[in-house]
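Asks: sequence-free structure coming up:
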């Protein structure tokens, strides 16, 4: 595998994106107490609603980012979106009330939506020979960002550092990928030479959504995103509330999950052959279902940490591999719009199931414990859907 400047721009974009996504969940208990929606006093729904507020502008941004990339190119569009993300996270750091925090996440969501929509085709265009390997490897840097952020922020919160300083530092991290993407370089990104008319992009989208098989992958992305982000968002709060643990333990728990994700994505990025994507998704989803079924009944914190690591390994290939497998099954489709439209399913899945876990937690006698059964439900549905796609692809060949 060989990497250049724009690979590193994608790596750091994912790290910054991940840091902004998990810094608030790790600090959620302290943040909620300061801003007046205590999780212990029925604020779980309000906490989960933060991701819904983030997801809506993300989806809207994804719906238009294909047109923006066609007009100005993927590189410039990605660079501007990273700046938007940093500004939104910075606004969260100075938020005096829940409403401003919610608004800051919406601003960040605009940038994150473009990154989510364009990052995969951005890498695909750099490595057309083995895209599945490079896409999985690049997506591992999301998990690197999660791992680093939860460990550092959990430690700093335990030491008494304000959550505002931590989130402010995360917002500044967006400057690194922005400079890599926007500053002039001798190495040119393989961009189209002329702007693409909006009608061409529209036609690409219409041709994709008319294919029945696409909607199976759309549903697969919805539940894959939901299962993954429920673990990313709620693990830290669950550990603090259910194990009466300190912030460092909450960060460590999310770090175990992220470490498993790093190992899974980087490992499969090196080892994976493109034609094995479908087997990887199905078997990983079945394994993830079996592991996460034990979460609500575990009372030993270190055993919980171990299962979080294994669930991270199982969850790791879902998002990038579903997209790449879909591209293999629909070779006549424009890959940029295909990946964007699939992300338009994954991001709402993150927001919906994150909110649903908070809602179930508020209305359950066991709080978030019973809500965690949502995760294995998502995973087994994913296994069934990709199994159907696998069978359909086999018959068509």
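Replies: Here it is on my side, so go on. Because the structure is a prediction, the values reported are computed rather than measured.
Asks: Which helix runs longest in this structure?
Replies: helix 212-242 (DSSP state H).
Asks: Show the average pLDDT along that helix.
Replies: Taken as a whole, helix 212-242 carries a mean pLDDT of 88.
Asks: and the spatially closest residue to residue 95 that is not a sequence neighbour, how far is that from residue 199?
Replies: The shortest distance from residue 95 to any non-neighbouring residue, by Cβ to Cβ, 6 or more residues apart in numbering, is to residue 101 (4.0 Å). All C-beta atoms are positioned from the backbone trio N, CA, C, and that covers glycine. Counting by Cβ to Cβ, to the nearest Å, the gap from residue 101 to residue 199 is 39 Å.
Asks: quick one: which of those two has more around it?
Replies: residue 101 (23 against 10; other Cβ atoms under 10 Å).
Asks: gap between that one and residue 174?
Replies: From residue 101 to residue 174 the distance is 18 Å (Cβ to Cβ).
Asks: before we move on, what about residue 135?
Replies: Separation of residue 135 from residue 174 (Cβ to Cβ): 22 Å.
Asks: Count the residues that sit near residue 307.
Replies: Around residue 307 there are 18 residues (other Cβ under 10 Å).
Asks: ditto for residue 277
Replies: For residue 277, using other Cβ under 10 Å, the count is 26.
Asks: buried residues in the helix or strand where it lies?
Replies: Following DSSP states H and E, one finds residue 277 within helix 277-292. For helix 277-292, burial by neighbour count (16 or more other Cβ atoms under 10 Å) applies to 277-278, 280-282, 284-289, 291-292.
Asks: May I see the residues you listed arranged in JSON lines, with pLDDT and distance to residue 347 as well?
Replies: Shown next, in JSON lines, are these (pLDDT from 0 to 100; distance: Cβ to Cβ, whole Å):
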{"residue": "277", "pLDDT": "77", "distance to residue 347": "21"}
{"residue": "278", "pLDDT": "81", "distance to residue 347": "23"}
{"residue": "280", "pLDDT": "87", "distance to residue 347": "22"}
{"residue": "281", "pLDDT": "89", "distance to residue 347": "19"}
{"residue": "282", "pLDDT": "90", "distance to residue 347": "23"}
{"residue": "284", "pLDDT": "92", "distance to residue 347": "21"}
{"residue": "285", "pLDDT": "93", "distance to residue 347": "19"}
{"residue": "286", "pLDDT": "94", "distance to residue 347": "25"}
{"residue": "287", "pLDDT": "94", "distance to residue 347": "25"}
{"residue": "288", "pLDDT": "93", "distance to residue 347": "20"}
{"residue": "289", "pLDDT": "94", "distance to residue 347": "22"}
{"residue": "291", "pLDDT": "94", "distance to residue 347": "24"}
{"residue": "292", "pLDDT": "93", "distance to residue 347": "21"}
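Asks: I'd like those residues written out as JSON lines, with distance to residue 390 added.
Replies: Output for the buried residues of helix 277-292, formatted as JSON lines (distance: Cβ to Cβ, whole Å):
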{"residue": "277", "distance to residue 390": "10"}
{"residue": "278", "distance to residue 390": "4"}
{"residue": "280", "distance to residue 390": "11"}
{"residue": "281", "distance to residue 390": "9"}
{"residue": "282", "distance to residue 390": "7"}
{"residue": "284", "distance to residue 390": "13"}
{"residue": "285", "distance to residue 390": "12"}
{"residue": "286", "distance to residue 390": "13"}
{"residue": "287", "distance to residue 390": "17"}
{"residue": "288", "distance to residue 390": "17"}
{"residue": "289", "distance to residue 390": "17"}
{"residue": "291", "distance to residue 390": "22"}
{"residue": "292", "distance to residue 390": "22"}
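Asks: and of those residues, the nearest to residue 240?
Replies: Taking Cβ to Cβ as the measure, residue 240 lies nearest residue 292 of those, at 19.2 Å.
Asks: Just list the residues touching the closest one, thanks.
Replies: By Cβ atoms under 8 Å, 6 or more residues apart in numbering, residue 292 lies in contact with 227, 231, 307, 311, 372, 375, 376, 379.
Asks: now do residue 49
Replies: So residue 49 contacts 102, 355, 358 (Cβ under 8 Å, 6+ apart).
Asks: wait, isn't the first one in contact with residue 52?
Replies: To tie it back to what came earlier, the one meant is residue 102. No: with contacts counted by Cβ atoms under 8 Å, residue 102 stays clear of residue 52, the gap being 9.5 Å.
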